[in-house]
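Visitor: Next input, structure requested:
(4 chains)
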Protein chains: 2
Amino acid sequence: MPTPEPADERAWLAAYDPRAFPPIAVTADVVALTLRAGALHVLLVERGAPPYRGRLALPGGFLRAGQEDPAAAAARELAEETGLAELPRVHLQQLGSYGAPDRDPRMHVLSVAHLAFAPDLPDPQAGTDAAAAAWHPVDTLDPGTLAFDHARILADALDRARAELENTPLATAFLPADFTVPELRAVYEAVWGEPLHPGNFHRKVLSVPGFLEPTGATTERGGTRGGPRARRYRPGPATRLHPPLLRPAPGPARTTPPTAPTGLPSTP
Amino acid sequence: MPTPEPADERAWLAAYDPRAFPPIAVTADVVALTLRAGALHVLLVERGAPPYRGRLALPGGFLRAGQEDPAAAAARELAEETGLAELPRVHLQQLGSYGAPDRDPRMHVLSVAHLAFAPDLPDPQAGTDAAAAAWHPVDTLDPGTLAFDHARILADALDRARAELENTPLATAFLPADFTVPELRAVYEAVWGEPLHPGNFHRKVLSVPGFLEPTGATTERGGTRGGPRARRYRPGPATRLHPPLLRPAPGPARTTPPTAPTGLPSTP
DNA sequence: TAAATAGTGTCTATAAGACATTATCCA
DNA sequence: TGGATAATGTCTTATAGACACTATTTA
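Guide: This is a model prediction of the structure:
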């Protein structure tokens, strides 16, 4: 710790007693993504109090100091907003923290943003705390309507999700405990926003060791418009995909992605 | 940003009055990595006050509430600890936040960890605030000696750095403004901890569009043990490497990496 | 029966890795 | 002159993607 200068007395004191510092509030926010009818949806709440009253925002709330870490707070907030007492098969991971001093007009608030992926979740229950929450399709959503810097957080979350689909078995988090290869392909197509070659995708996902394990069962019926029954699989033990499932090249030479390279805020 | 409604100020102020909640302190910590004599080093400080007095820790400090975001605080702390008034060519990015309630015995402290990469930096100046700071080789460092949960943060940082080398031009952040391909290879070998094939590496990095740009110049002298002069390059405009520079396969089928897939803490 | 789809086969261009070769420079 | 090294070339194997094809099921 730096030696104090006279002008820095308060900082010096705080180095030994953090309680002497002016407070910063800490929240846990959640970008909850799910697939509904083949389209990617995000859970948003309508704010009932200022600031940004009436605007859409990511679900979230303040950490219970001394009681929970950010991940636990995010899980709690998600359960409250969806009205689900228990969160089945929800994959939760940290996205990053957003702490610009003026991002909340009330005071300095640092938000630890999380990503949550889940299979098709029901609509939030009416008549509960979650009454103001609803699933919104991400591709028809106007980012300008979001409160605070939540448009930026959502954009980073989508970037992160798209990137993780390449290197981790994350896509299985959008599906029930067992699923078919075409269903898995639908996840990739919905998140990446582009069609994939059915045949090549099929061969490729099955060639990644530890990604999928056959259950031995097949679907009860064929596709709604015909076709044979598909084999069912469950997620394998792999936590990284080797080799990765790379996205189709977005162009001859893409050199400038829309946001930060890692999906996290960075400074030069 | 729309302005908040000047509604019932006391109502929401009371709801969010920091004194109504047990406070959470926010720090910005930095995992600063540099290459010295071909080996990866991390900047650590010896703590001069409890808790963990005398133990090694990552440099960091409390955020100035209402004045700076985590990235700015991290840059400030790094400058203070290295004794450098200015940080030349330092690449700073957020790693993730660590907020377990008991990670600091004094109170609930949330740490926003950052990664900093820089070319060979000088030793911290004696006689300054940075007197207690020093560079430590990461491969001979005993993680058990680190204070708080900094061993975990360091491990996550190294995982992140190793992964980013595959997909981003991050390696150039360890080198001066212009460099040679063998120097770049030395960065990859030091961070990944394994030798790379010189010929194949050379051809591969030059094949990635936007990664390297020739300056037209060469080194003044050949290698210390002979060999021709090497051509010099500067970083190109690419922010993502297409195709990525994948690490040599760590084994026939690695299914369980040491920590979280993304280098960020996650919960099931 | 017609259409759609699961799953497999085949071919080609490209890339990765092992290895060899040449040219250049230091001691 | 010998040894080390930058840079390039060659060869083999693996992979990605385009496309074709068969089998199965629904309407």
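Visitor: So is the host helix or strand of residue A:42 next to chain B?
Guide: Following DSSP states H and E, one finds residue A:42 within strand A:39-46. No: judged by Cβ under 8 Å from any Cβ of the partner chain, strand A:39-46 and chain B are separated, with a smallest distance of 14.8 Å. C-beta here means a position set from N, CA and C on the backbone, and glycine is covered the same way.
Visitor: repeat for stretch A:133-142
Guide: No: on the criterion Cβ under 8 Å from any Cβ, stretch A:133-142 is out of touch with chain B, staying 14.0 Å away.
Visitor: average pLDDT across that stretch?
Guide: With pLDDT averaged residue by residue, stretch A:133-142 scores 94.
Visitor: again with stretch A:183-201
Guide: Per-residue scores along stretch A:183-201 average to 96.
Visitor: ok, now which ones touch residue A:138?
Guide: By Cβ atoms under 8 Å, 6 or more residues apart in numbering or on different chains, the residues touching residue A:138 are A:33, A:39, A:40, A:41, A:42, A:154, A:158.
Visitor: Convert the C-alpha atoms of the strand holding residue A:42 to CSV, please.
Guide: Below are the C-alpha coordinates for strand A:39-46, written out as CSV (Å, rounded to 0.1, in the frame of the first residue of the first chain):
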residue,chain,number,x,y,z
ALA,A,39,-35.6,-17.2,-31.4
LEU,A,40,-33.3,-15.9,-28.8
HIS,A,41,-35.0,-14.1,-26.0
VAL,A,42,-33.8,-12.0,-23.1
LEU,A,43,-35.5,-11.5,-19.8
LEU,A,44,-36.3,-7.8,-19.1
VAL,A,45,-38.2,-6.0,-16.3
GLU,A,46,-40.1,-2.8,-16.5
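Visitor: Span of stretch A:168-186 from start to end?
Guide: The first and final residues of stretch A:168-186 sit 16 Å from each other (Cα to Cα, to the nearest Å).
Visitor: buried set for it?
Guide: By 16 or more other Cβ atoms under 10 Å in any protein chain shown, the buried positions in stretch A:168-186 come out as A:168-175, A:178-181, A:183-186.
Visitor: do stretch A:31-43 as well
Guide: Of the residues in stretch A:31-43, A:31, A:32, A:33, A:34, A:35, A:40, A:41, A:42, A:43 count as buried by neighbour count, 16+ other Cβ under 10 Å.
Visitor: got the contact list for the residue of the stretch 1-150 of chain A found nearest DNA strand C?
Guide: Nearest residue of the stretch 1-150 of chain A to DNA strand C: residue A:38, at 11.6 Å (Cβ to the nearest atom of the strand). By Cβ under 8 Å, 6+ apart, residue A:38 lies in contact with A:186, A:190.
Visitor: Could you measure from it over to DNA strand D?
Guide: As defined by Cβ to the nearest atom of the strand, to the nearest Å, residue A:38 lies at a distance of 17 Å from DNA strand D.
Visitor: Now that residue. Its backbone dihedrals?
Guide: Dihedral angles of residue A:38 (phi, psi; degrees, to the nearest 10) stand at phi 80, psi 0.
Visitor: What parts of chain A come near DNA strand C?
Guide: Residues of chain A lying close to DNA strand C by Cβ under 7 Å from any atom of the strand are A:180-182, A:198-200, A:202-203, A:206, A:218, A:222-223, A:225-231.
Visitor: Selecting buried members of the residues you listed in ChimeraX, what would you type?
Guide: Here is the ChimeraX selection string for the buried members of these, based on 16+ other Cβ under 10 Å:
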select /A:180,181,202,230
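Visitor: Mind checking which of the residues of chain A next to DNA strand C land in strands?
Guide: A:180, A:218, A:231 (DSSP state E).
Visitor: from these, which is closest to DNA strand D?
Guide: Using Cβ to the nearest atom of the strand, those come closest to DNA strand D at residue A:218, 7.4 Å.
Visitor: quick one, what contacts the closest one?
Guide: In this structure, residue A:218 makes contact with A:229, A:230, A:231, A:232, judged by Cβ under 8 Å, 6+ apart.
Visitor: again, only using 6 Å
Guide: Residue A:218 makes contact with A:229, A:231, according to Cβ atoms under 6 Å, 6 or more residues apart in numbering or on different chains.
Visitor: where's it relative to residue A:185, distance?
Guide: Using Cβ to Cβ, to the nearest Å, residue A:218 is found at 17 Å from residue A:185.
Visitor: Please state the offset of stretch A:189-208 from the chain centre?
Guide: 21 Å (Cα atoms, centre = their mean, to the nearest Å).
Visitor: Establish whether that stretch and chain B are in contact.
Guide: No: on the criterion Cβ under 6 Å from any Cβ of the partner chain, stretch A:189-208 is out of touch with chain B, staying 9.8 Å away.
Visitor: which outside residues touch the host helix or strand of residue A:117?
Guide: Assigned by DSSP H and E, residue A:117 falls within strand A:109-118. Contacts with strand A:109-118, where a contact means Cβ under 6 Å, 6+ apart, come from A:24-34, A:70, A:74, A:78, A:90-99, A:153, A:157, A:173-174, B:26, B:97.
Visitor: spatially speaking, which residue is in the middle of chain A?
Guide: residue A:115 (2.5 Å; Cα atoms, centre = their mean).
Visitor: beta partners of that one?
Guide: Beta-bridge partners for residue A:115, by DSSP bridges, are residue A:31, residue A:93.
Visitor: separation between it and residue A:92?
Guide: Using Cβ to Cβ, we find residue A:115 at a distance of 7 Å from residue A:92.
Visitor: could you redo the contacts of residue A:138 as a markdown table and give each row distance to residue A:57 and pLDDT?
Guide: Formatted as a markdown table, these follow (distance: Cβ to Cβ, whole Å; pLDDT from 0 to 100):
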| residue | distance to residue A:57 | pLDDT |
| --- | --- | --- |
| A:33 | 16 | 96 |
| A:39 | 21 | 94 |
| A:40 | 18 | 96 |
| A:41 | 16 | 96 |
| A:42 | 11 | 96 |
| A:154 | 10 | 98 |
| A:158 | 17 | 97 |
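Visitor: from the residues you listed, which two are the most distant?
Guide: Taking Cβ to Cβ, the two most distant members of the contacts of residue A:138 are A:39 and A:154; they sit 15.3 Å apart.
Visitor: Let me know the pLDDT of residue A:124.
Guide: 80.
Visitor: Can you say which helix or strand has it in it?
Guide: Under DSSP H and E, no helix or strand contains residue A:124.
Visitor: What about it, how many residues nearby?
Guide: A count of neighbours around residue A:124, defined by other Cβ atoms under 10 Å in any protein chain shown, yields 21.
Visitor: Show the contacting residues for the residue of the stretch 51-200 of chain A found nearest DNA strand C.
Guide: Residue nearest to DNA strand C within the stretch 51-200 of chain A (Cβ to the nearest atom of the strand): residue A:199, separated by 2.6 Å. Contact partners of residue A:199, counting by Cβ under 6 Å, 6+ apart, are absent.
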